[in-house]
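Participant: Need the 3D shape of this:
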Amino acid sequence: MKAVPKVNTDGLYLEDTLVDDAFSGVVPFYAEPELPIDPGQQEPEAQPEDVQPGEVPELEPVIAGYIVSIPIIPGLYRPRFDIVAWEAYQSAVTSAEDAYNAAYAEWSKLPEEERGDPPIYVAPEQPTLWIEGLTTEEIEEITRPQPQEPTEIDLLKERLAAAEARNEQLAEESTVNQLALMELHMMILALQEGSGPT
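Facilitator: Modelled structure (predicted):
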């Protein structure tokens with residue numbers, strides 16, 4: 001088993017799905033048909049002519065998307081499988097095979113002495129089938145740097161810086177207060193010495 005991409009009808013990647021190792025190509029998958037709850041409630045014009053009243057008509061399966069064996073190219077933001085390019089590539093492969101088969105049939109009809117080298121099959125080059133599903137504007141929007149929420153460490157650093165700044169401020173105020181107290185103390189001492197016994 002291997003995992004391969006599953007895309008919607010527009011080719012936009014949905015999810016990976018498991019398939020057999022031998023799986024290759026592009027294969028549609030179908031939506032579950034919605035059966036009417038009460039066949040009597042169906043509009044008469046919606047029923048085919050060959051369906052008898054009371055019978056549930058067979059519903060046509062509806063393609064819901066594709067299972068793709070071609071791996072997604074890395075680096076796409078929203079991978080989209082180019083279904084139109086795949087179909088054109090398949091037509092080119094079929095045309096190349098038909099041309100080779102016709103050339104080989106013509107070559108094999110010739111007598112051996114006139115044949116020369118047999119024709120060589122040249123397969124068409126496979127185009128890039130996975131493309132970007134987002135517009136340039138959408139890519140710019142999702143790749144624009146987003147403002148980041150501060151981490152717990154950043155918040156702790158901010159708190160530490162604020163505490164250190166407050167600590168310095170308190171230390172300066174304490175120094176100023178100590179100097180003022182010393183001046184007051186000196187003034188008191190000077191007053192006491194000046195008012196001593198005469």
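Participant: Remind me what the helix ranked longest in the chain packs against, helices and strands.
Facilitator: When the chain is scanned for its longest helix (criterion: DSSP state H), the result is helix 152-194. Helix 152-194 makes packing contacts with no helix or strand when contacts are defined by 3 or more Cβ pairs under 8 Å, 6 or more residues apart in numbering; DSSP states H and E. In short, each C-beta sits where N, CA and C put it, glycine included.
Participant: I'd like the mean pLDDT over that helix, please.
Facilitator: Summarised as a single mean, pLDDT over helix 152-194 is 90.
Participant: And the contacts of the helix or strand of the chain with the lowest mean pLDDT?
Facilitator: Taking all helices and strands of the chain together, the one with the lowest average confidence (mean pLDDT, DSSP states H and E) is helix 112-115, at a mean of 86. In this structure, residues lying in contact with helix 112-115 by Cβ atoms under 8 Å, 6 or more residues apart in numbering are 107-108.
Participant: Pull it out as CSV, backbone CA atoms only.
Facilitator: Presented in CSV, the C-alpha positions along helix 112-115 are these (Å, rounded to 0.1, in the frame of the first residue of the first chain):
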residue,chain,number,x,y,z
GLU,A,112,13.5,-7.2,-44.6
GLU,A,113,16.2,-5.8,-46.9
GLU,A,114,14.3,-2.5,-47.2
ARG,A,115,13.4,-2.0,-43.5
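Participant: now it: how far from the chain's centre is it?
Facilitator: The chain centroid and the centroid of helix 112-115 are separated by 58 Å, computed with Cα atoms, centre = their mean, to the nearest Å.
Participant: Next secondary structure element downstream of it?
Facilitator: Beyond helix 112-115 in the direction of the C-terminus, DSSP states H and E gives the next helix or strand as strand 130-132.
Participant: For that following strand, list every residue counted as buried.
Facilitator: Of the residues in strand 130-132, those with enough neighbours to count as buried (16 or more other Cβ atoms under 10 Å) are residue 130.
Participant: Just give me the neighbour total for residue 70.
Facilitator: Counted with other Cβ atoms under 10 Å, the burial measure for residue 70 works out to 15 neighbours.
Participant: Then residue 179?
Facilitator: Using other Cβ under 10 Å: residue 179 sits among 10 other residues.
Participant: part of a helix, is residue 150?
Facilitator: No: secondary structure of residue 150, determined by DSSP: H, G, I helix; E, B strand; the rest coil: coil, with no helix assignment.
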